[in-house]
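A.B. asks: attaching a predicted model along with its sequence, questions to come.
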Amino acid sequence: MTPEQTAAASRPSIEALGSAWTRCPRTLRHARELGLSAWVFTVAGRAGALGDVEPHVAAAAMGLIHPDAVREAYESAQPVMAVPAIAAERMAQCCRWGRDELTGLPGLPRFVVLTRRVLRAADATAMPLYAAWRRMPVPDEAPAELAGVCLYLLTELRAGAALVAQTAAGLSPVQALLSGPEGEAGAVAYGWQPPFPAVGHLARRRGWADSVADRIVAGALAALTGLERDEWLELVTGLAEVIHPAPVPLSARP
């Protein structure tokens with residue numbers, strides 16, 4: 001398969017697996033134990049990889065979440081702990097999920113080797129969150145823990161590529177959400193309020209953006225040979241068949 005074909009074929013598995021740890025009951029319980037809601041833990045913690053930035057900077061980096069919703073998440077988080085510390089807690093939970101769910105699965109060390117090559121090769125231009133999470137310290141580098149982190153970083157890579165592509169296609173954040181698979185429910189979950197504009201005429205533009213995002217991700221997958229891409233896709237698909245995460249709450253998605 002070409003890099004573009006591999007990027008498109010792996011997208012469903014990556015989107016499911018890479019965010020599975022964010023809705024794991026143990027992750028959500030840990031957030032509550034810290035004194036944070038799942039939404040605050042996700043939003044402020046995800047942006048926390050950028051460091052101690054202002055909420056409007058975090059909103060610009062995340063792209064799809066309404067700036068007021070980001071500001072409110074920051075205001076709820078700051079009395080509890082600094083957002084960079086929440087990011088570190090999120091990374092620890094990602095590793096913990098990998099240890100709990102992935103330990104002993106066949107092909108895991110090979111998946112980590114191949115995926116780390118892809119992640120290193122990815123051009124993070126205009127993708128500050130991916131660049132920041134790629135540099136986050138990993139508290140445990142056992143194969144299962146690393147596999148969990150690799151899956152999450154693949155999700156951040158795809159999310160960053162999609163944001164770049166949607167912006168290039170002329171889609172506003174709310175248009176990108178409305179034209180996506182969750183439609184109005186996705187927009188509301190990310191802090192936008194109705195009435196919403198019609199987006200039926202944007203289907204072709206949205207399809208173009210999805211194809212561009214595949215091409216951006218393909219640039220990283222080009223670091224693998226054709227045979228390695230086939231192997232990598234088989235490993236990713238195999239993980240998705242073994243791990244059956246619960247449906248993704250919109251508020252827990254990256």
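C.D. replies: Received it, and whenever you're ready, just let me know what you need. Owing to the predicted nature of the structure, the values given are computational and were not obtained by experimental measurement. Numbers count the residues shown, from 1 in each chain.
A.B. asks: going forward, measure contacts and count neighbours with C-alpha atoms only.
C.D. replies: Will do.
A.B. asks: contacting residues around Val112?
C.D. replies: Contact partners of Val112, counting by CA atoms under 8 Å, 6 or more residues apart in numbering, are Pro143, Leu146, Ala147, Cys150.
A.B. asks: what's the closest of these to Leu177?
C.D. replies: Checking these against Leu177 with CA to CA, the nearest one is Cys150 at 25.4 Å.
A.B. asks: so who does the closest one touch?
C.D. replies: So Cys150 contacts Gly18, Val112, Thr115, Arg116, Leu119 (CA under 8 Å, 6+ apart).
A.B. asks: do that again at 6 Å, thanks
C.D. replies: By CA atoms under 6 Å, 6 or more residues apart in numbering, the contact set of Cys150 is empty.
A.B. asks: list the buried residues for the helix or strand where it lies?
C.D. replies: Using DSSP states H and E, Cys150 sits in helix 143-168. For helix 143-168, burial by neighbour count (16 or more other CA atoms under 10 Å) applies to 143-166.
A.B. asks: kindly report the same for stretch 205-223.
C.D. replies: By neighbour count on 16+ other CA under 10 Å, the buried set for stretch 205-223 is 205-206, 208-223.
A.B. asks: what's next to that stretch, contact-wise?
C.D. replies: By CA under 6 Å, 6+ apart, stretch 205-223 touches Pro3, Glu4, Ala7, Ala8, Val118, Ala121, Ala122, Ala161, Ala162, Ala165, Gln166, Ala169.
A.B. asks: please enumerate the helices of this protein.
C.D. replies: Using DSSP state H, the helices found in the chain span residues 3-18, 25-34, 38-47, 55-62, 67-77, 83-102, 108-121, 128-134, 143-168, 173-178, 183-189, 203-221, 226-242.
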